[in-house]
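> what follows is a predicted protein model with its sequence.
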Amino acid sequence: MRWHKETLGEDRKLCHSRDGEAWKHFNQTYPSFATKLQNVRLTLSTNGFNPHNQGSRPYSCWPVIVTPYNLPPWMCMDRPYMFLTLLVHGPKSPGRSLDVYLQPLIDELNILWNVGVHMFLPLDHLYRNQKDNFSKGRIERDAPLVRLVGDELEAEVSSLPKIEFGKTKDNVRIEEFGETQNWLKQSIFWDLPYWKTNLIRHNLDVMHIKKDIFDNIFNTIMDVKGKTKDNVKARLDLQDICKRDLELKEMNGKYLKPKASYTLSKDERAIV
């Protein structure tokens, strides 16, 4: 999503929309938006077409597609990144009435521009009071977590014990772990005087993350015994979030795991 800024184009060549005058003018007009490279730049496109063969009666169908232009040219027009937002049915062209169909989309684009995307729902949102559709019997009132700075993090871990060689009951058990805090230990790196001022204390290995994600998805879809993430423990966890159609069924003292739609059958696995 940062490609449009971090990858330089060839001088005096229009290879991407970011090379054009309109893109540069937008950046000058809205500098606060332009400074955040990950902000999504959308293009909206529509056109009428006849979904039937040419010999049929005239029929005009209008799909409205949104595409993020943060991506490089070879991805912008790729199918996975083209999102169908609405479909105006025929048989006649909507003509000037197209604005009526576009109104919900424009309303959402205004929300994206003025408010953005919330990582957490507002405290008065209707979903927070729904006990059955999410966590069973629970009304969610937690506010977004506050991002801690170095001094605050140091204060939280300073009272924790350092791990000694080997695992014993004394150096593994942390009081209130999983309830009020999730710290396992005081990391040895806090002995470094500059550690609390580092903005990036740990880098993630993207290559291994990608491999792990692929392995987990592949093994789950292929239902590989011992490696799938769709196991008994996962199904038991589902009981806490009301996914009733996938909950384990107990029969004659044994658990029966209903087949999930994302798991391939034996014949489908053979094709893959």
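Looks like it arrived, so ask away.
> going forward, measure contacts and count neighbours with C-alpha atoms only.
OK.
> by mean pLDDT, flag the weakest helix or strand of this protein.
None of the helices or strands of the chain scores lower by mean pLDDT, DSSP states H and E than helix 169-172, at a mean of 55.
> average model confidence for the next helix or strand after it?
For helix 169-172, the succeeding helix or strand toward the C-terminus, using DSSP states H and E, is helix 206-221. When pLDDT is averaged over helix 206-221, the result is 89.
> stretch 80-87 now?
Across stretch 80-87, the average pLDDT comes to 89.
> tell me which residues of that stretch are tucked away?
M82, L86 (16 or more other Cα atoms under 10 Å).
> show me what it is in contact with.
Taking Cα atoms under 8 Å, 6 or more residues apart in numbering as the criterion, the residues outside stretch 80-87 that touch it are C61, W62, P63, V64, I65, V66, T67, P68, M75, C76, L105.
> centre of the chain to it, how far?
In terms of Cα atoms, centre = their mean, to the nearest Å, the centre of stretch 80-87 is found 17 Å from the chain centre.
> do the same with stretch 62-82
Here the centre of stretch 62-82 is set off from its chain's centre by 17 Å, with Cα atoms, centre = their mean.
> and that stretch, how far apart are its ends?
The first and last residues of stretch 62-82 sit 15 Å apart, counting by Cα to Cα, to the nearest Å.
> tell me which residues in it are buried?
In terms of neighbour count (16+ other Cα under 10 Å), stretch 62-82 has its buried residues at W62, V64, I65, V66, T67, P68, Y69, N70, L71, P72, C76, M82.
> what is the mean pLDDT for the helix or strand hosting the fifth one?
Read it as T67. Here T67, judged by DSSP H and E, is contained in strand 62-68. In this model, strand 62-68 has a mean pLDDT of 91.
> note down every partner strand of it and its orientation.
When sheet partners are counted by DSSP bridges, strand 62-68 sits next to strand 42-46 (antiparallel), strand 83-88 (antiparallel).
> beyond the longest one, next helix or strand please.
The reference is to strand 83-88. Towards the C-terminus, the helix or strand next in line after strand 83-88, according to DSSP H and E, is helix 98-114.
> that next one to strand 62-68, inter-axis angle?
Counting by axes from the mean of the first three to the mean of the last three Cα atoms, to 10 degrees, helix 98-114 lies at 20 degrees to strand 62-68.
> so which elements touch the helix or strand following helix 98-114?
With elements assigned by DSSP H and E, the helix or strand that comes after helix 98-114 is helix 150-157. Helices and strands touching helix 150-157, as assessed by 3 or more Cα pairs under 8 Å, 6 or more residues apart in numbering; DSSP states H and E, are absent.
> figure out how far helix 150-157 is from the centre of its chain.
Offset of helix 150-157 from its chain centre (Cα atoms, centre = their mean): 29 Å.
> show me what counts as buried in it.
For helix 150-157, a neighbour-count test (16+ other Cα under 10 Å) marks V157 as buried.
> same check, this time on stretch 128-135
With the criterion 16+ other Cα under 10 Å, stretch 128-135 contains buried residues R128, N129, F134, S135.
> cool, stretch 194-205 as well?
K196.
> same check, this time on stretch 220-239
Quick answer for stretch 220-239 (16+ other Cα under 10 Å): T220, I221, M222, D223, T228, K229, D230, R235, L238, Q239.
> ok, stretch 1-11 next?
So for stretch 1-11, counting by 16+ other Cα under 10 Å, buried means H4.
> same question for stretch 21-38.
Neighbour-count burial for stretch 21-38 flags F33, A34 (criterion: 16+ other Cα under 10 Å).
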